[in-house]
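Novice: I need the structure of the sequence given here:
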Amino acid sequence: MATTLIPKTTAGVGKTILSVRNLHKLFKTPEGNDLLVLDNINLDLAEGEIVALLGRSGSGKSTLLRCLIGLISPSSGEVRYRNRLVTGPMPGMAMVFQSFALFPWLTVLENVELGLETMGVPEGERRRRALAAIDLIGLDGFESAYPKELSGGMRQRVGFARALVTNPDVLLMDEPFSALDVLTAENLRTELLDLWETRRIPTKAILMVTHNIEEAVLMADRVLILSSNPGRIISNEQIDLPRPRDRKDSAFLARVETIYRAMTTPIATVVGAVGVESEHTSLGMRLPEADVAQIIGLIEQVESGSGQGRGDLPALAAGMQLDVDDLFPLIDAAELLGFAQIREGDINLLPEGVKLARSDIQERKVIFAEHLINRVPLIAHIRRVLSTRPDHRAPRERFLTELEDFMGTEEATRTLDTAIEWGRYAELFEYDAREGRLRLPENGG
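Specialist: The predicted structure is shown next:
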C-alpha cells in the first residue's frame, strides 16, 4: 500500500479552498481490465498560493486536474471546493487548456462571453465583463477577430480571458504555456504573475500542470511531484523565494536541483511500492518512449561534457533544450539499458556507456544489441520466437496480444513500437510495416 502524503499548505497563506482525499482513478481498457491511473491522492490548495503539479509522462497530471474541476469523476475518494463536494463543473473554478480550445467560428469577444452565457448572465452584463477581461489580458482591439487571425500567444490570451471572466476563486491550468514559443511563453507567464501579485484578478488560488521544472520554480509556491503508472504524490517541495524570481540566482538553481533529485529518486524508495522490481524484469515491462539516436546523443553529450562521464541533469536539460517529458524518457532508457545510473539529479555513465559513446557506428550496434537482449525481456522474447519459427517470421499482432495481458492497448502499442525501433537499430530483427510482420535479418543478425 502506498504511503499517504497530504501536502501541507505554505505558511502565511489563507484557508483551504480546494481539498482532495483518498482519490483513486481507474479507466477500463478495451479488454475490460482496470487500469489504475491515480492512486490515493491527497492534497490541499489554500487561498493565496500557486501550486504546480510536476510528473513524468504517465503520472496522470491532466487526469487529476480534470477530476478537480469536475470534468471526470474519481473512481473513489472525493474532491471538495469550499467544503462542497465536486460532482461536476461548478461556479468558482475555471480552467485554461493547453490546446487553446477556442471555437473557430466565434470571435474573440464571443469566445470570452461563452462561459458567462452558459451561466445565464444577462447580455449587457456579459458584454461588459467580457470586454473588461479582454482589456485586462492585453487583447483590446481584437474583440472582433477570429482565432485563425491570431498568433498562438494571442489565442492563449483568449483562453485566459475566457477563464478569468467568470471571476474564479480557483484557476486550474493544464500546461498553458507548452504550445507557445519560448519568448511568448515567458511574456505570458510574467504578465499572469503580475496580475496575480497586484491582485488585479479575483482568483485566490492557482493549480497548474507543467512539464517544465524551471517554470514550476519560477511560478509556484509549492511543487507537488507525481510518480508514474500509477500517479502518486511522492514529494511536496516548498518554493519560498521572493518574486520576481531570477533564474540565475543560486537559490533558484538550488530549488531546481532539489526537484530533479526528487524526480530521480527510485520510486520504491519513496513510496515503498510493491512489485516494482518484478515489473522491470518481466515481459510486461513498460519501455520509455525514447528514440535511439537521442539516447546515444544524450550519452555522447554526458561523456564529452565533463570528460568524466558525469552530468548534472538541470545543466544537461538546459544545454540540450529539453523539458521533463523529453529528458526523462532518455535518461530512463539509458539507465534501463545499463549505460548510465541516475541518482539525485545527476547522470553517471557506466563503463558500457562510455564504451558506447566512444565506439563507431557498427560497434555501437553490437553493444546496443547485447544490452537489449540482456536487459529488455520483450526484445529477447521477440528474437527467440523468430529464431524458433521455420520461416523466422511472426505477425506484430502476436506480440501485441501478449503485451495486452500486462497493460492497456495504447500502452502496449507504444511499448511494442519502441521495442521494434530499438531492435531494428541493433539489427536483431527487421519489420515490414505493410505486412505487419517481424522477421530475422537475412544474414541471421
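
Novice: Which residue is the nearest non-sequential neighbour of residue 112?
Specialist: When the adjacent residues along the chain are set aside, residue 112 lies closest to residue 130, with 4.3 Å between them (C-beta to C-beta, 6 or more residues apart in numbering). Backbone N, C-alpha and C define where each C-beta goes, glycine included.

Novice: does the one you found really touch residue 158, like I thought?
Specialist: No. Contact between residue 130 and residue 158 fails when scored by C-beta atoms under 8 Å: they sit 10.6 Å apart.

Novice: who touches both of those two?
Specialist: residue 112 (C-beta atoms under 8 Å, 6 or more residues apart in numbering).

Novice: just to revisit the earlier point, just checking, what packs against the strand or helix carrying the residue nearest to residue 112?
Specialist: Mapping residue 130 onto the secondary structure by DSSP states H and E places it in helix 123-136. For helix 123-136, the elements it packs on are helix 108-118, helix 152-164, judged by 3 or more C-beta pairs under 8 Å, 6 or more residues apart in numbering; DSSP states H and E.

Novice: Need the winner for burial among those.
Specialist: Greatest average neighbour count among the helices and strands packed on helix 123-136 goes to helix 152-164 (a mean of 23), per mean count of other C-beta atoms under 10 Å.

Novice: what's the angle from it to helix 108-118?
Specialist: For helix 152-164 against helix 108-118, the angle between stretch directions is 20 degrees (axes from the mean of the first three to the mean of the last three C-alpha atoms, to 10 degrees).

Novice: Tell me the helix or strand right after helix 152-164.
Specialist: Heading C-terminal from helix 152-164, the first helix or strand you meet, by DSSP H and E, is strand 170-174.

Novice: quick one: the following helix or strand past that next one to chain centroid distance?
Specialist: On the C-terminal side of strand 170-174, the closest following helix or strand by DSSP H and E is helix 182-197. Helix 182-197 has its C-alpha centroid displaced from the chain centroid by 21 Å (C-alpha atoms, centre = their mean, to the nearest Å).

Novice: Against which helices or strands is helix 182-197 packed?
Specialist: Other helices and strands packing on helix 182-197, by 3+ C-beta pairs under 8 Å, 6+ apart, are helix 152-164, helix 213-219.

Novice: Now tabulate those helices in CSV and tack on mean pLDDT and distance to residue 310.
Specialist: Written out in CSV, the entries for the helices and strands packed on helix 182-197 read as follows (pLDDT from 0 to 100; distance: least, C-beta to C-beta, whole Å):
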stretch, mean pLDDT, distance to residue 310
helix 152-164, 87, 38
helix 213-219, 93, 20
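
Novice: can you put these in JSON lines and add distance to residue 409?
Specialist: Below are the helices and strands packed on helix 182-197 laid out as JSON lines (distance: least, C-beta to C-beta, whole Å):
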{"stretch": "helix 152-164", "distance to residue 409": "32"}
{"stretch": "helix 213-219", "distance to residue 409": "31"}
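
Novice: Would you tell me which of these gets closest to residue 187?
Specialist: Taking C-beta to C-beta as the criterion, residue 187 comes closest to helix 152-164 out of these, the separation being 7.2 Å.

Novice: Counting by contacts, list what the closest one packs against.
Specialist: Judged by 3+ C-beta pairs under 8 Å, 6+ apart, the packing partners of helix 152-164 are strand 93-96, helix 108-118, helix 123-136, helix 182-197.

Novice: got these as CSV, with mean pLDDT and distance to residue 290 columns?
Specialist: As requested, the helices and strands packed on helix 152-164 are arranged in CSV below (pLDDT from 0 to 100; distance: least, C-beta to C-beta, whole Å):
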stretch, mean pLDDT, distance to residue 290
strand 93-96, 90, 30
helix 108-118, 87, 38
helix 123-136, 89, 42
helix 182-197, 86, 23
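
Novice: okay, these, which one's buried deepest?
Specialist: strand 93-96 (a mean of 23).

Novice: neighbouring strands for that one, and are they parallel or not?
Specialist: The strands beside strand 93-96 in its sheet (DSSP bridges) come out as strand 170-174 (parallel).

Novice: residue ranges of the helices in the stretch 201-350 of the chain, please?
Specialist: Counting by DSSP state H, counting those that start in this stretch, the stretch 201-350 of the chain has helices at residues 213-219, 250-263, 267-271, 276-279, 292-306, 313-320, 324-336.

Novice: need those helices in CSV with mean neighbour count, can you?
Specialist: Written out in CSV, the entries for the helices of the stretch 201-350 of the chain read as follows (neighbours: other C-beta atoms under 10 Å):
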stretch, mean neighbour count
helix 213-219, 24
helix 250-263, 18
helix 267-271, 15
helix 276-279, 12
helix 292-306, 18
helix 313-320, 17
helix 324-336, 22
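
Novice: Please render these as TSV that adds distance to residue 226 to the earlier fields.
Specialist: Rendered in TSV, the data for these read as follows (distance: least, C-beta to C-beta, whole Å):
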stretch	distance to residue 226
helix 213-219	12
helix 250-263	10
helix 267-271	11
helix 276-279	16
helix 292-306	23
helix 313-320	18
helix 324-336	11
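
Novice: confidence score at residue 269?
Specialist: On the pLDDT scale, residue 269 is placed at 37.

Novice: now do the one 10 residues further on
Specialist: What the model reports as pLDDT for residue 279 is 44.

Novice: Correct me if wrong: residue 228 contacts residue 59.
Specialist: Yes. Look at residue 228 against residue 59 with C-beta under 8 Å: they come within range, at 4.6 Å.

Novice: The two: which is more packed in?
Specialist: In terms of neighbours (other C-beta atoms under 10 Å), residue 59 is the more surrounded of residue 228 and residue 59; the figures are 26 against 19.

Novice: quick one, what contacts that one?
Specialist: Applying C-beta under 8 Å, 6+ apart, the residues contacting residue 59 are 226-229, 231.

Novice: From residue 42, how far out is the nearest residue to residue 181 once chain neighbours are set aside?
Specialist: Excluding the flanking residues, the one nearest residue 181 by C-beta to C-beta, 6+ apart is residue 152, at 7.3 Å. From residue 152 over to residue 42 the distance is 36 Å, taken as C-beta to C-beta, to the nearest Å.

Novice: that older thread, ok, the residue nearest to residue 112 to residue 61 distance?
Specialist: According to C-beta to C-beta, residue 130 stands 30 Å off from residue 61.

Novice: which other residues reach the helix holding residue 130?
Specialist: Outside helix 123-136, the residues within contact range by C-beta under 8 Å, 6+ apart are 108-109, 112-113, 116-117, 121, 140, 142-143, 161-162, 164-165, 195, 200-201.

Novice: tell me the angle that helix makes with helix 182-197.
Specialist: Here the directions of helix 123-136 and helix 182-197 differ by 120 degrees (the same axes, to 10 degrees).
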